Each structure stands twice: as C-alpha cells, then as structure tokens.
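> Pasted the sequence and its predicted model underneath.
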Amino acid sequence: MAKEKTVYICQNCGYKSGRWLGRCPECGGWNTLIESKETSIKTKSRNVLNFLSQSGKPVPITQAEEVQYIRFPSGIKVFDNALGGGLVKGQVSLIAGEPGIGKSTLLLQLSHSLARNGRKVLYISGEESVNQIYLRAKRLNALNDNLIVFSETLLERIEDTVEELSPDIVILDSVQTVFSAELESSAGSVSQVREVTYRITELSKRNDITTFVVGHVNKEGQIAGPKVLEHIVDTVLQFEGERGSFYRILKVVKNRFGPSGEMAVFKMTSLGLEEVPEPSAFFISERNTERAGTVIFPYTEGTKPVLLEVQALVLPSVYATPQRRSEGFNPNRLSIILAVLEKEANIFLRDKDVFVNIVGGVEVDEPGIDAAVALAVASSVKNKPILPNVAVFGELGLTGELRNVYFAEARVKEAKRFGFNNLLVPKSVAEELKEENLKGFSHISELLEAVF
C-alpha cells in the first residue's frame, strides 16, 4: 500500500502546510492553499512508473520515427470530421457546455453508435441512476448489449470496474461528481477534479481506452475547475447553443490528433441530435436579403469555413447613454469598430443604440469579422440593403485600414460555392489571390463608398 500524505500547497508561492490555512504565512495570499496528495515515488505501482517514464531515451529529432495514428469512426460523420477523421485509441477528450445543452444526449448517442459498430462502451454517470439512463436511451432508441451503464462516483471503484471489463470506450459524466477516497475534500473541489482527471488519463493511456470526460462550466461560460484540466486531456470540445433554439454547435478548442477550430453542427429534435452536413446552408437559409443591416461573413477557425449571417440594428437612443449590445460577438470589439466608423467613415453613432447579432448562436472571436460588422452597421444606419450576393471579411485597424486574415483562399471558395460571387476583401487578399469577383479595399471608407 502506497504511503501517502495530504498537504496544502499555496498556489502563489508553493508554501506547504499540514493543515488548511485561510492565509498563506509565506506570501500573505488569501484562500490560496489547495489540498494536494504527496506520494513517494518508491511506493508507486510499476504500471504508473512505466506510464510516467515514457520508457524512452534522448535521440536527434532526425532519427525519430513517424507514428501513424490509427483512427476508427464513431458512426457520426460530422463528429468524425471535426476531430480530424475519427477517434484514436487512448485519446482523452473533455466535453463542456451549459447545463441542459445536450452533452449527455450527444454522448449517449455516440455510445450507441460505437456499440452498434462492435465497440464495448462503458458509460459511467455520477449524476443519473442506471434507470434514468435507460429511460433516456429508450427515448433516443440507443439500446444495445455492448453499451454498459454504471452509476458510481467513487474513483477507486471506477478504476477497478474499468480494469475488470476492459472496455474500448469509457464515458465519464461528469468529472465534477467523481471523488477519490484518498483526498479529504469533497467532489468538485480543485484537488479532486485534478486528481480524478490525472488518474483517468493515466488509466486510458495505459490500456489504450478512448475516453470522454464531461466537464461543467462556470457562470462566465468557462470550463470549471483548474486550468490544468484542459492541459491534461488530448482534446477539448465546447458544446454551444441556446436552450430555446434547436441548433447545437460542437467546437474543437484543442486537439492533439488533428486541427483545432473545427466545428460540427447538430439539430436538436425530440429523438435526439441530428447531423447538419452543410452548416453554411443551415445558417443562411432564412436570411432576408430585402432588409438593411445584414451581410454574409465566411467564418473559419479550422480548415473548413462556414458562412454566417451578421445582423445589425441601429436606432436613435432614448437614453442619455446609448446602448451597445451584441450576441456572439465581443462587445468591447464592437465599441472599437463604432469608434473607427465615426472617425474614419463619418458615420456618427454617439447618439444611437447599436445591436449586433451573429445568427445561429456561434461565438465569433476572430478579427476577420470586423469588416462584416462595420458594413452591417453602416447598412442599418443608411437603411440601404446590401446586395444579396455580397460576402465580406477583413480585420479593421484603428486608423480604418483593412488587414489580411488567415485562410483567405478557403473563405473565398466557400462563399463562391454558395453563390456569393461579389466578395469584398482587403486589398492585400485581392492582390495575392488574383481571382475573379474579388474587390480589394485598403480602407473602410473605400469599402463603404463602393457599396453605397
């Protein structure tokens, strides 16, 4: 039996204490002591030592061998495409999202798809009983003998069950409900979340088990728990969408086995989540081209771009301080764009309320959307609709210049594929690509003058 000791370590200066203290005696920080477990390296098991040591030696990088990861399909095509072509043995993925967004539904459908393809799946839930999981699986038509359900919150018993059953896939829902009896803190604490994630990852890597771990989010929408939780796992998936709407978006934030920034779009129905194979067509399907304040923006963070509709509404303000509201777009960035429009394009907005919305509930945080937001706002102010076949992208500088953005060629191809043949882009993009129907502009005033 390993001889272990529980200590409390200050996260600021590293001071150690045998008991919890509200204030660190070394640096004076409040509430910085976090419970941790100390284990002598001599007492660790042989399997853990082998896992930690990586059993290798230093070699020149030119002599390193190329490893081809063997992927296997999950059975959900858009999910596999977002992950880079499928799942990998030993891959540990963290999926996070708002409560009730559909994380458990997605994972149960994923479990059934894998079980139907002959994979043994162990679905562990610390939030629902076996009977509750059965009722949901019955509603989703996800019953299969290869899908084994287990309701448990004790980490040690979960480890024993995984070793005994030797499943191909493990799903843990959720990491905040599981605790180790070796730590005194309650489930969901920083030390418990960190310990559970470390040991589940070690177990998965050692046995080549593909694992999905559900994580909660805090009120700011960030993944709850220590940041190390995202560093430990191989893949981080963010499940987004509005509860009142039928669309759900799975974004790949981190991926060690493929490109990050990819997305998969699902439609929530009474029978579960349905794949949306063409997200661009889905997001622009209900666009009203006869009204002012709407424009198409080719958005991308990964290898596949998606067309999004950017909407703006500008009204005279009835308050002393005008409102600045945005959905799916950084409000601080919106304020900068409005200031540039006033200074460089003579579009005065200081006495007007401005509302910006990215249709579909997608959160866009890349600078390429700046030109689309500026054009939509100008269209609403002038009450002049933009031509239906126009798409625009480009970063907007503080002096009004339009700057190049990454994946410009992929954006242009996606826009043309859906009939948007009038593309307004930064001048550097037009000079670089030299394609038809590309109109390059170096300043926001030139862009607005050409459109209106």
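Sure thing, it's come through.

> Give the next helix or strand downstream of the helix ranked longest in the chain.
The longest helix of the chain (DSSP state H) is helix 190-207. Counting by DSSP states H and E, the next helix or strand C-terminal to helix 190-207 is strand 210-215.

> Name the residues of the next helix or strand after that next one that are buried.
Reading on from strand 210-215 to the C-terminus, the next helix or strand found by DSSP H and E is helix 228-232. Within helix 228-232, the residues that count as buried by 16 or more other Cβ atoms under 10 Å are 229-230, 232. Just so you know, the C-beta spots here come from the backbone N, C-alpha and C atoms, and that holds for glycine as well.

> Can you tell me which of those is closest to Phe407?
Glu230 (24.3 Å; Cβ to Cβ).

> Tell me which other helices or strands the longest helix of the chain touches.
Packing partners of helix 190-207 (3 or more Cβ pairs under 8 Å, 6 or more residues apart in numbering; DSSP states H and E): strand 33-39, helix 46-53, strand 92-97, helix 155-165, strand 169-173, strand 210-215, helix 228-232.

> check contacts around Leu307.
280, 283-284, 296-299, 391, 414-415, 418, 420 (Cβ atoms under 8 Å, 6 or more residues apart in numbering).

> Identify the residue spatially nearest to it, adjacent ones excluded.
Ranked by Cβ to Cβ, 6 or more residues apart in numbering and with sequence neighbours excluded, the top spatial neighbour of Leu307 is Ser280, at 3.9 Å.

> Can you name the next helix or strand after the helix or strand containing that neighbour?
Assigned by DSSP H and E, Ser280 belongs to helix 279-283. Downstream of helix 279-283, the next assigned helix or strand under DSSP H and E is strand 294-299.

> so the helix or strand following that following strand versus strand 294-299, what angle?
Per DSSP H and E, the first helix or strand lying C-terminal to strand 294-299 is strand 306-316. Interaxial angle, strand 306-316 versus strand 294-299 (axes from the mean of the first three to the mean of the last three Cα atoms, to 10 degrees): 140 degrees.

> Could you list the buried residues of strand 306-316?
The neighbour-count check on strand 306-316 (16+ other Cβ under 10 Å) flags 306-314 as buried.

> before we move on, what about stretch 6-16?
Applying a neighbour-count criterion of 16+ other Cβ under 10 Å, one finds 6, 8-11, 15 buried in stretch 6-16.

> of all the residues you listed, which comes closest to Glu290?
For the buried residues of stretch 6-16, with Glu290 as the reference and Cβ to Cβ as the criterion, the closest is Gln11, at 56.6 Å.

> The stretch 1-150 of the chain: strands as residue ranges?
Remark: strands assigned in the stretch 1-150 of the chain by DSSP state E, counting those that start in this stretch are 4-10, 16-17, 33-39, 71-72, 87-88, 92-97, 121-125, 147-151.

> I'd like to know which of these is closest to Ile223.
In terms of Cβ to Cβ, the element of those nearest to Ile223 is strand 92-97, at 4.6 Å.
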